[in-house]
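# give me a model of this one.
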Amino acid sequence: MLGFVTTSIYKSVAESRVNKIDINGKSLVTPCYFPAVSSCVTTYSTSDLLKFLGQHSRPLLTSAYDLYTESLGGIPIEKQLEELSANVILLDSGRYESSWFNDTDWTFERYREVVQQALSDFYMSFDVFPGDAQDHFEQETISHIRQSIAVRSEDVCIPVLHMTTHDTLFSMLETITTDGVKLVALPERELGDTILERCSNLYEVRQFLDSRSPDVLIHILGCGHPVSLLLYIYAGADTFDSLDWQKFVIDPSDLSFRDYSHLFLTNCHCRYCSNDALPYVHRVYLHNLLFIKQFLNDIILSIKDDTFESFLKRYVSPPVLGGMS
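A predicted model of the protein is given here:
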């Protein structure tokens, strides 16, 4: 696996920006969204959903934990993602799934086995949850990040930083930016209780990185709400992932999440919503994926045209943006 190269294309208001990522002969333009597949939330088997997703989204995220458990059923780890070699694959650490299933047998050694064998372009570090090492959280986090980087490369390992306190987060950022990392991941929910708090903290992170390593990208874990995407892009985030595309229906008229059963109430006439031959679940998935792709394309164009702030104000009142300009 080769490392990835980031090329800055354009920067606009606040910290909004467009970058191009080249990796393993593939490319992505950011901001971009990685629809996630997880055994915690799916109406299909993980492998079947990955095949479906691979046909309809170039970037995607899957879990090291799920690849490992599938291998116990007889599917070798190195074979599971072969059909998706044209996709840009982000491999999550599996800590979310192991925590969800209360599986204490998900160890770093098993994570390392998957990362070494799985056909992926990027992989998340084996993250430390705050409750796992309360007294030595920062030291344990940095140690696990460096162990994770050693599995393959600092170019393609994405350190995951859980936020306990403001000072701890920035201390860890300062340490890892000296280690040559190219992208860092922050869980959305840990950036603050309110969207204002989250945007403010993210904006500060982006400015901190700009002063030290401006080429480092920011990934937001667990974020798929269109309004949140808008605001976080304004504050300097580059890539996102979530399971939301499976769980809700996005209403294009106001960027809201609707109940899974409400697709027809959106009055959407996209090529998937109007296709009576598709099963309902496929219509929901494809409607959401198409909307997110088009929405992000519109954001990218507005950043390039210096109209992103006007685009954002269609959905967000100006006072929310006051601290990021």
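# just list what the worst-scoring helix or strand of the chain on mean pLDDT packs against, helices and strands only.
Taking mean pLDDT, DSSP states H and E as the measure, helix 46-56 is the helix or strand of the chain with the lowest mean score, a mean of 90. Judged by 3 or more Cβ pairs under 8 Å, 6 or more residues apart in numbering; DSSP states H and E, helix 46-56 is in contact with strand 59-63, helix 64-72, helix 280-304. Quick note: C-beta positions are derived from backbone N, CA and C, even for glycine.
# okay, the angle between the shortest one and helix 64-72?
So the one you mean is strand 59-63. 70 degrees (axes from the mean of the first three to the mean of the last three Cα atoms, to 10 degrees).
# buried residues in the least confident helix or strand of the chain?
46-47, 49-50, 52-54 (16 or more other Cβ atoms under 10 Å).
# show me the helices in the stretch 101-250 of the chain, by range?
Taking DSSP state H, counting those that start in this stretch as the test, the helices found in the stretch 101-250 of the chain are 108-117, 137-151, 166-176, 195-212, 226-235, 244-247.
# and of these, who's closest to residue 186?
Counting by Cβ to Cβ, residue 186 lies closest to helix 195-212 out of those; the figure is 7.0 Å.
# pull the distance from that closest one to the chain's centre.
17 Å (Cα atoms, centre = their mean, to the nearest Å).
# from here on, call the first residue 47.
Understood, numbering begins at 47; the last thing we discussed is helix 241-258.
# picking that back up, of the buried residues of helix 92-102, closest to residue 254?
For the buried residues of helix 92-102, the residue nearest residue 254 by Cβ to Cβ is residue 99; the value is 33.8 Å.
# which non-adjacent residue is nearest that closest one?
Excluding the flanking residues, the one nearest residue 99 by Cβ to Cβ, 6 or more residues apart in numbering is residue 106, at 5.2 Å.
# hey, what's the nearest residue to residue 82 once chain neighbours are set aside bridged with?
The shortest distance from residue 82 to any non-neighbouring residue, by Cβ to Cβ, 6+ apart, is to residue 107 (4.2 Å). Per DSSP bridges, the residues bridged to residue 107 are residue 82, residue 136.
# so what's residue 107 up against?
80-83, 135-138, 287 (Cβ atoms under 8 Å, 6 or more residues apart in numbering).
# how much space between it and residue 88?
Distance from residue 107 to residue 88, counting by Cβ to Cβ, to the nearest Å: 13 Å.
# what mean pLDDT does stretch 329-346 get?
Averaging pLDDT along stretch 329-346 gives 97.
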